[in-house]
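**Q** next come a sequence and a model predicted from it.
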Amino acid sequence: MVSQFGSVGYTIMGKTADLTVVQKIIIDTLHKEGKPQTFIAKEAGCSQSAVSKHVNRKLSGRKKCGRKRCTTNRENRSLMRIVKQNPLKNLRELHKEWTEVGVKASRATTHRRVKEFGYSCRIPLVKPLLNHRQHQRCLTWAKEKKNWTVAQWSKVLFSDESKFCILFGNQGPRVWRKGGEAHSPSCLKSSVKFPQSVMIWGAMSSAGVGPLCFLKTKVTAPVYQEILEHFMLPSADQLFEDADFIFQQDLAAAHTAKSTKSWLNDHGVGVLDWPANSPDLNPIGNLWGIVKRNMRNKRPKNVDELKATVKETWASIPPQQCHKLITSMPRPIEAVIKAKGAPTNIYMYSK
(Lines give C-alpha, C1' and ligand atoms only; values in the text may rest on other atoms or scores of the structure.)
Protein backbone atom coordinates (compact mmCIF):
# COMPACT_ATOMS: atom_id res chain seq x y z
CA MET A 1 0.00 0.00 0.00
CA VAL A 2 1.33 3.44 -0.95
CA SER A 3 0.41 6.39 1.30
CA GLN A 4 0.25 10.08 0.49
CA PHE A 5 3.80 10.29 1.82
CA GLY A 6 5.02 7.80 -0.75
CA SER A 7 5.97 5.06 1.75
CA VAL A 8 5.34 1.38 1.32
CA GLY A 9 4.37 -0.94 4.15
CA TYR A 10 5.22 -4.62 4.06
CA THR A 11 5.49 -7.66 6.28
CA ILE A 12 7.95 -10.55 6.31
CA MET A 13 6.78 -14.01 7.42
CA GLY A 14 3.84 -12.41 9.21
CA LYS A 15 6.22 -10.22 11.22
CA THR A 16 6.51 -6.47 10.80
CA ALA A 17 9.83 -5.47 9.23
CA ASP A 18 12.02 -2.73 10.67
CA LEU A 19 10.76 0.75 9.95
CA THR A 20 12.57 2.80 7.36
CA VAL A 21 13.77 6.33 8.02
CA VAL A 22 10.91 7.70 5.92
CA GLN A 23 8.32 5.68 7.85
CA LYS A 24 9.72 6.93 11.15
CA ILE A 25 9.48 10.52 9.94
CA ILE A 26 5.86 9.96 8.86
CA ILE A 27 4.98 8.41 12.23
CA ASP A 28 6.64 11.22 14.17
CA THR A 29 4.99 13.91 12.06
CA LEU A 30 1.47 12.48 12.27
CA HIS A 31 1.86 11.64 15.96
CA LYS A 32 2.71 15.27 16.70
CA GLU A 33 -0.45 16.28 14.81
CA GLY A 34 -2.48 14.07 17.12
CA LYS A 35 -3.57 11.54 14.53
CA PRO A 36 -4.75 8.14 15.75
CA GLN A 37 -2.40 5.19 15.41
CA THR A 38 -4.67 3.38 12.96
CA PHE A 39 -4.53 6.38 10.60
CA ILE A 40 -0.77 6.71 11.09
CA ALA A 41 -0.22 3.02 10.34
CA LYS A 42 -2.24 3.32 7.13
CA GLU A 43 -0.35 6.42 5.97
CA ALA A 44 3.07 5.00 6.90
CA GLY A 45 2.37 1.63 5.36
CA CYS A 46 3.06 -0.45 8.42
CA SER A 47 1.22 -2.24 11.18
CA GLN A 48 -0.38 -0.44 14.12
CA SER A 49 1.83 -2.40 16.54
CA ALA A 50 4.92 -1.04 14.77
CA VAL A 51 3.61 2.49 15.21
CA SER A 52 2.84 1.85 18.89
CA LYS A 53 6.31 0.40 19.57
CA HIS A 54 8.03 3.27 17.84
CA VAL A 55 6.05 5.93 19.71
CA ASN A 56 6.40 4.25 23.12
CA ARG A 57 10.12 3.60 22.67
CA LYS A 58 10.73 7.23 21.83
CA LEU A 59 8.66 8.46 24.77
CA SER A 60 10.47 6.21 27.24
CA GLY A 61 13.88 7.09 25.83
CA ARG A 62 14.76 3.44 25.32
CA LYS A 63 16.58 2.58 22.12
CA LYS A 64 16.11 -1.14 22.41
CA CYS A 65 14.68 -3.78 24.67
CA GLY A 66 16.88 -6.28 26.41
CA ARG A 67 17.31 -8.51 29.40
CA LYS A 68 16.56 -6.85 32.71
CA ARG A 69 19.70 -5.92 34.66
CA CYS A 70 20.32 -8.07 37.71
CA THR A 71 21.51 -5.15 39.84
CA THR A 72 19.76 -1.92 40.71
CA ASN A 73 21.17 1.59 40.40
CA ARG A 74 21.48 1.75 44.17
CA GLU A 75 23.51 -1.46 44.25
CA ASN A 76 25.71 -0.17 41.42
CA ARG A 77 26.40 3.02 43.37
CA SER A 78 27.46 0.94 46.37
CA LEU A 79 30.00 -0.87 44.18
CA MET A 80 31.33 2.47 42.95
CA ARG A 81 31.85 3.56 46.57
CA ILE A 82 33.79 0.35 47.25
CA VAL A 83 36.08 0.99 44.28
CA LYS A 84 36.65 4.63 45.26
CA GLN A 85 37.43 3.75 48.88
CA ASN A 86 40.21 1.33 47.90
CA PRO A 87 41.13 1.26 44.20
CA LEU A 88 44.00 -1.19 44.91
CA LYS A 89 41.60 -4.06 45.56
CA ASN A 90 41.50 -6.76 42.90
CA LEU A 91 38.33 -8.00 41.20
CA ARG A 92 37.91 -10.96 43.57
CA GLU A 93 38.04 -8.67 46.62
CA LEU A 94 35.61 -6.17 45.06
CA HIS A 95 33.16 -8.94 44.20
CA LYS A 96 33.39 -10.45 47.69
CA GLU A 97 32.78 -7.15 49.48
CA TRP A 98 29.92 -6.23 47.12
CA THR A 99 28.08 -9.54 47.52
CA GLU A 100 28.57 -9.60 51.30
CA VAL A 101 26.01 -6.79 51.61
CA GLY A 102 23.35 -8.90 49.86
CA VAL A 103 23.90 -8.07 46.18
CA LYS A 104 23.31 -11.07 43.93
CA ALA A 105 25.81 -10.74 41.10
CA SER A 106 28.48 -12.87 39.49
CA ARG A 107 32.13 -11.89 39.22
CA ALA A 108 31.59 -11.21 35.50
CA THR A 109 28.78 -8.80 36.37
CA THR A 110 31.02 -7.08 38.91
CA HIS A 111 33.67 -6.67 36.24
CA ARG A 112 31.15 -5.22 33.76
CA ARG A 113 29.80 -2.73 36.29
CA VAL A 114 33.30 -1.53 37.20
CA LYS A 115 34.11 -1.02 33.52
CA GLU A 116 30.81 0.83 33.08
CA PHE A 117 32.02 3.30 35.72
CA GLY A 118 35.00 4.04 33.46
CA TYR A 119 37.59 2.09 35.50
CA SER A 120 40.27 -0.11 33.93
CA CYS A 121 42.72 -2.38 35.73
CA ARG A 122 46.25 -0.99 35.27
CA ILE A 123 49.65 -1.39 36.91
CA PRO A 124 49.96 1.50 39.41
CA LEU A 125 52.72 4.02 38.88
CA VAL A 126 55.47 4.11 41.49
CA LYS A 127 55.93 7.55 43.04
CA PRO A 128 57.96 8.75 46.04
CA LEU A 129 56.04 8.83 49.30
CA LEU A 130 55.55 12.43 50.41
CA ASN A 131 54.30 13.52 53.82
CA HIS A 132 52.24 16.65 54.39
CA ARG A 133 55.30 18.78 55.16
CA GLN A 134 56.99 17.68 51.92
CA HIS A 135 53.81 18.43 49.98
CA GLN A 136 53.79 21.95 51.35
CA ARG A 137 57.50 22.41 50.70
CA CYS A 138 57.10 21.28 47.09
CA LEU A 139 54.08 23.55 46.61
CA THR A 140 55.93 26.54 48.06
CA TRP A 141 58.91 25.86 45.82
CA ALA A 142 56.71 25.63 42.73
CA LYS A 143 54.99 28.93 43.53
CA GLU A 144 58.38 30.61 44.00
CA LYS A 145 59.61 29.32 40.63
CA LYS A 146 56.32 29.87 38.79
CA ASN A 147 57.48 33.10 37.15
CA TRP A 148 60.98 31.96 36.25
CA THR A 149 61.81 32.57 32.58
CA VAL A 150 63.48 30.19 30.14
CA ALA A 151 66.62 32.33 30.43
CA GLN A 152 66.72 31.70 34.19
CA TRP A 153 66.20 27.93 33.80
CA SER A 154 68.90 27.89 31.10
CA LYS A 155 71.45 28.89 33.76
CA VAL A 156 70.77 25.69 35.75
CA LEU A 157 72.97 22.58 35.50
CA PHE A 158 70.62 19.68 36.30
CA SER A 159 72.08 16.41 37.64
CA ASP A 160 70.78 12.99 38.59
CA GLU A 161 71.65 9.30 38.79
CA SER A 162 70.01 6.44 36.90
CA LYS A 163 70.37 2.68 36.66
CA PHE A 164 70.81 0.90 33.33
CA CYS A 165 70.46 -2.89 32.98
CA ILE A 166 71.45 -5.20 30.16
CA LEU A 167 67.87 -6.47 30.28
CA PHE A 168 65.77 -3.57 31.52
CA GLY A 169 62.01 -3.02 31.44
CA ASN A 170 59.46 -5.28 29.77
CA GLN A 171 60.35 -4.11 26.31
CA GLY A 172 61.81 -6.32 23.64
CA PRO A 173 60.77 -8.48 20.69
CA ARG A 174 57.53 -10.45 20.67
CA VAL A 175 57.23 -13.93 19.19
CA TRP A 176 54.84 -15.50 16.70
CA ARG A 177 53.92 -19.00 17.82
CA LYS A 178 51.21 -21.62 17.46
CA GLY A 179 49.27 -23.39 20.17
CA GLY A 180 51.49 -25.69 22.22
CA GLU A 181 54.71 -23.90 21.25
CA ALA A 182 54.94 -21.73 24.37
CA HIS A 183 57.87 -23.79 25.73
CA SER A 184 59.56 -24.37 22.40
CA PRO A 185 63.23 -23.21 22.59
CA SER A 186 62.77 -21.03 19.49
CA CYS A 187 59.89 -19.19 21.20
CA LEU A 188 61.51 -18.56 24.58
CA LYS A 189 63.09 -15.32 25.79
CA SER A 190 66.01 -15.82 28.16
CA SER A 191 66.04 -14.05 31.51
CA VAL A 192 68.42 -13.79 34.42
CA LYS A 193 67.60 -13.36 38.10
CA PHE A 194 70.08 -10.55 38.69
CA PRO A 195 70.81 -8.82 35.37
CA GLN A 196 74.09 -6.96 35.03
CA SER A 197 73.64 -3.23 35.44
CA VAL A 198 75.48 0.05 35.86
CA MET A 199 74.65 3.14 37.90
CA ILE A 200 75.36 6.40 36.13
CA TRP A 201 75.64 10.05 37.17
CA GLY A 202 75.01 12.66 34.51
CA ALA A 203 74.30 16.35 34.04
CA MET A 204 72.53 18.45 31.42
CA SER A 205 71.55 22.02 30.70
CA SER A 206 69.78 23.91 27.97
CA ALA A 207 73.01 23.76 25.94
CA GLY A 208 73.33 19.96 25.95
CA VAL A 209 74.71 17.10 28.04
CA GLY A 210 77.95 16.73 30.01
CA PRO A 211 80.24 13.69 30.44
CA LEU A 212 78.85 10.61 32.17
CA CYS A 213 80.25 9.10 35.36
CA PHE A 214 79.87 5.32 35.83
CA LEU A 215 79.62 4.65 39.56
CA LYS A 216 81.51 1.65 40.91
CA THR A 217 80.71 1.99 44.61
CA LYS A 218 78.04 3.37 46.87
CA VAL A 219 77.91 7.15 46.64
CA THR A 220 79.18 8.52 49.93
CA ALA A 221 80.04 12.17 50.57
CA PRO A 222 83.76 11.72 49.60
CA VAL A 223 82.80 9.76 46.46
CA TYR A 224 80.26 12.41 45.50
CA GLN A 225 82.83 15.16 45.91
CA GLU A 226 85.11 13.26 43.51
CA ILE A 227 82.20 13.20 41.03
CA LEU A 228 81.76 16.94 41.42
CA GLU A 229 85.47 17.51 40.90
CA HIS A 230 85.98 15.33 37.85
CA PHE A 231 82.56 15.41 36.15
CA MET A 232 80.36 18.26 37.40
CA LEU A 233 82.94 21.01 36.97
CA PRO A 234 83.97 19.79 33.48
CA SER A 235 80.27 19.67 32.54
CA ALA A 236 79.86 23.26 33.69
CA ASP A 237 82.95 24.37 31.75
CA GLN A 238 81.68 22.61 28.64
CA LEU A 239 78.07 23.84 28.78
CA PHE A 240 78.45 27.33 30.32
CA GLU A 241 82.10 28.21 29.56
CA ASP A 242 82.78 31.37 31.61
CA ALA A 243 79.11 32.20 32.31
CA ASP A 244 77.60 31.85 35.78
CA PHE A 245 75.47 28.80 36.52
CA ILE A 246 73.42 27.27 39.33
CA PHE A 247 73.90 23.61 40.23
CA GLN A 248 70.85 21.41 40.84
CA GLN A 249 70.99 18.22 42.90
CA ASP A 250 68.49 16.24 44.93
CA LEU A 251 68.56 15.91 48.71
CA ALA A 252 70.44 12.60 48.97
CA ALA A 253 72.54 12.22 52.11
CA ALA A 254 75.84 12.51 50.22
CA HIS A 255 74.61 15.70 48.54
CA THR A 256 73.58 17.47 51.73
CA ALA A 257 76.53 16.38 53.89
CA LYS A 258 78.42 19.19 55.62
CA SER A 259 81.64 18.28 53.81
CA THR A 260 79.83 18.46 50.44
CA LYS A 261 78.37 21.85 51.28
CA SER A 262 81.82 23.08 52.24
CA TRP A 263 83.27 21.75 48.99
CA LEU A 264 80.62 23.57 46.94
CA ASN A 265 81.20 26.81 48.88
CA ASP A 266 84.97 26.54 48.46
CA HIS A 267 84.58 26.15 44.69
CA GLY A 268 82.06 28.97 44.43
CA VAL A 269 79.24 26.76 43.14
CA GLY A 270 75.74 28.08 43.82
CA VAL A 271 73.15 25.37 44.52
CA LEU A 272 69.50 25.58 43.53
CA ASP A 273 67.14 24.97 46.43
CA TRP A 274 65.26 21.76 45.68
CA PRO A 275 62.25 20.04 47.33
CA ALA A 276 62.65 16.49 48.65
CA ASN A 277 61.39 13.46 46.70
CA SER A 278 60.41 15.42 43.60
CA PRO A 279 61.90 13.67 40.53
CA ASP A 280 58.93 14.81 38.44
CA LEU A 281 60.39 18.31 38.47
CA ASN A 282 63.82 17.37 37.15
CA PRO A 283 64.05 17.48 33.32
CA ILE A 284 67.07 15.17 33.30
CA GLY A 285 64.72 12.43 34.48
CA ASN A 286 62.90 12.71 31.19
CA LEU A 287 66.26 12.65 29.40
CA TRP A 288 67.12 9.33 31.06
CA GLY A 289 63.83 8.00 29.72
CA ILE A 290 64.70 9.18 26.20
CA VAL A 291 68.08 7.43 26.38
CA LYS A 292 66.49 4.16 27.53
CA ARG A 293 63.85 4.31 24.79
CA ASN A 294 66.59 4.88 22.20
CA MET A 295 68.38 1.77 23.52
CA ARG A 296 65.41 -0.59 23.17
CA ASN A 297 66.56 -2.10 19.90
CA LYS A 298 70.16 -2.52 21.06
CA ARG A 299 71.26 -5.73 22.77
CA PRO A 300 74.50 -5.30 24.76
CA LYS A 301 75.89 -8.67 25.85
CA ASN A 302 78.00 -7.56 28.81
CA VAL A 303 78.68 -4.58 31.05
CA ASP A 304 81.37 -3.16 28.77
CA GLU A 305 79.02 -3.19 25.79
CA LEU A 306 76.29 -1.69 27.97
CA LYS A 307 78.55 1.19 28.99
CA ALA A 308 79.57 1.80 25.40
CA THR A 309 75.93 1.79 24.28
CA VAL A 310 74.88 4.22 27.00
CA LYS A 311 77.79 6.54 26.17
CA GLU A 312 76.96 6.47 22.46
CA THR A 313 73.26 7.06 23.02
CA TRP A 314 73.90 9.83 25.56
CA ALA A 315 76.33 11.58 23.23
CA SER A 316 73.77 11.45 20.40
CA ILE A 317 71.29 13.58 22.35
CA PRO A 318 71.10 16.87 20.39
CA PRO A 319 71.26 20.20 22.27
CA GLN A 320 67.85 21.03 20.79
CA GLN A 321 66.35 18.15 22.77
CA CYS A 322 67.84 19.47 26.00
CA HIS A 323 66.66 23.00 25.25
CA LYS A 324 63.15 21.66 24.61
CA LEU A 325 63.12 20.00 28.03
CA ILE A 326 64.28 23.18 29.74
CA THR A 327 61.63 25.30 28.00
CA SER A 328 59.01 22.85 29.29
CA MET A 329 59.83 23.57 32.95
CA PRO A 330 56.69 25.71 33.48
CA ARG A 331 54.53 22.64 32.75
CA PRO A 332 55.60 20.47 35.73
CA ILE A 333 55.58 23.53 37.98
CA GLU A 334 51.98 24.32 37.01
CA ALA A 335 51.09 20.66 37.52
CA VAL A 336 52.60 20.67 41.03
CA ILE A 337 50.63 23.79 41.94
CA LYS A 338 47.45 22.24 40.57
CA ALA A 339 48.13 19.02 42.53
CA LYS A 340 48.88 21.09 45.68
CA GLY A 341 52.35 19.63 46.01
CA ALA A 342 51.46 16.01 45.25
CA PRO A 343 53.33 13.91 42.62
CA THR A 344 52.37 14.66 39.02
CA ASN A 345 52.44 12.78 35.72
CA ILE A 346 54.32 15.36 33.66
CA TYR A 347 57.71 13.63 33.48
CA MET A 348 57.12 9.95 32.87
CA TYR A 349 60.35 7.97 32.93
CA SER A 350 61.99 4.93 34.40
CA LYS A 351 64.77 5.43 36.92
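**A** Thanks, I have it. Residues are numbered from 1 along each chain as shown.
**Q** show me how this structure divides into domains.
**A** For the chain, automatic domain parsing gives the domain ranges 11-60, 73-116, 132-170+193-338.
**Q** separation between Thr109 and Ser49?
**A** Thr109 sits 33 Å away from Ser49 when distances are taken as CB to CB, to the nearest Å. For the C-beta atoms, the positions are set from N, CA and C on the backbone; glycine is no exception.
**Q** ugh, wrong one, I meant Pro318
**A** 72 Å.
**Q** same thing with Arg137?
**A** Taking CB to CB, one finds Arg137 at 71 Å from Ser49.
**Q** those two: which has the busier surroundings?
**A** Taking other CB atoms under 10 Å, Arg137 and Ser49 do not tie; Arg137 has more neighbours (19 against 11).
**Q** how many other residues sit next to the closest residue to the more buried one other than its chain neighbours?
**A** Nearest residue to Arg137 in three dimensions, chain neighbours excluded: Pro275, at 5.0 Å (CB to CB, 6 or more residues apart in numbering). Number of residues near Pro275 (other CB under 10 Å) recorded here: 20.
**Q** identify the residues contacting Pro275.
**A** Residues in contact with Pro275 (CB atoms under 8 Å, 6 or more residues apart in numbering) are 134, 137-138, 141, 281.
**Q** mind listing which of those residues are in strands?
**A** If you go by DSSP state E, those have nothing in strands.
**Q** just put those residues in CSV and tack on pLDDT and distance to Asp160.
**A** CSV is the format used below for these (pLDDT from 0 to 100; distance: CB to CB, whole Å):
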residue, pLDDT, distance to Asp160
Gln134, 79, 18
Arg137, 86, 19
Cys138, 87, 17
Trp141, 91, 17
Leu281, 87, 11
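**Q** check the residues you listed for burial and list the buried ones.
**A** Among those, those classed as buried by 16 or more other CB atoms under 10 Å are 134, 137-138, 141, 281.
**Q** redo those residues as a markdown table? Include distance to Ser184.
**A** Formatted as a markdown table, the buried ones among the contacts of Pro275 follow (distance: CB to CB, whole Å):
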| residue | distance to Ser184 |
| --- | --- |
| Gln134 | 51 |
| Arg137 | 55 |
| Cys138 | 51 |
| Trp141 | 55 |
| Leu281 | 47 |
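**Q** that's a helix at the residue nearest to Arg137, yeah?
**A** No: secondary structure assignment (DSSP: H, G, I helix; E, B strand; the rest coil) places Pro275 in coil, not in a helix.
**Q** heads up, I number from 11, so please use that
**A** In the new numbering, first residue 11, that becomes Pro285.
**Q** how near is it to Glu126?
**A** According to CB to CB, Pro285 and Glu126 sit 40 Å apart.
**Q** just Ile176 next, same as before
**A** Computed with CB to CB, the distance linking Ile176 and Glu126 is 44 Å.
**Q** the two - which one has more neighbours?
**A** Per other CB under 10 Å, whichever of Ile176 and Glu126 has more neighbours is Ile176, with 17 against 11.
**Q** list the contacts for the more buried one?
**A** 205-207, 310-313, 316.
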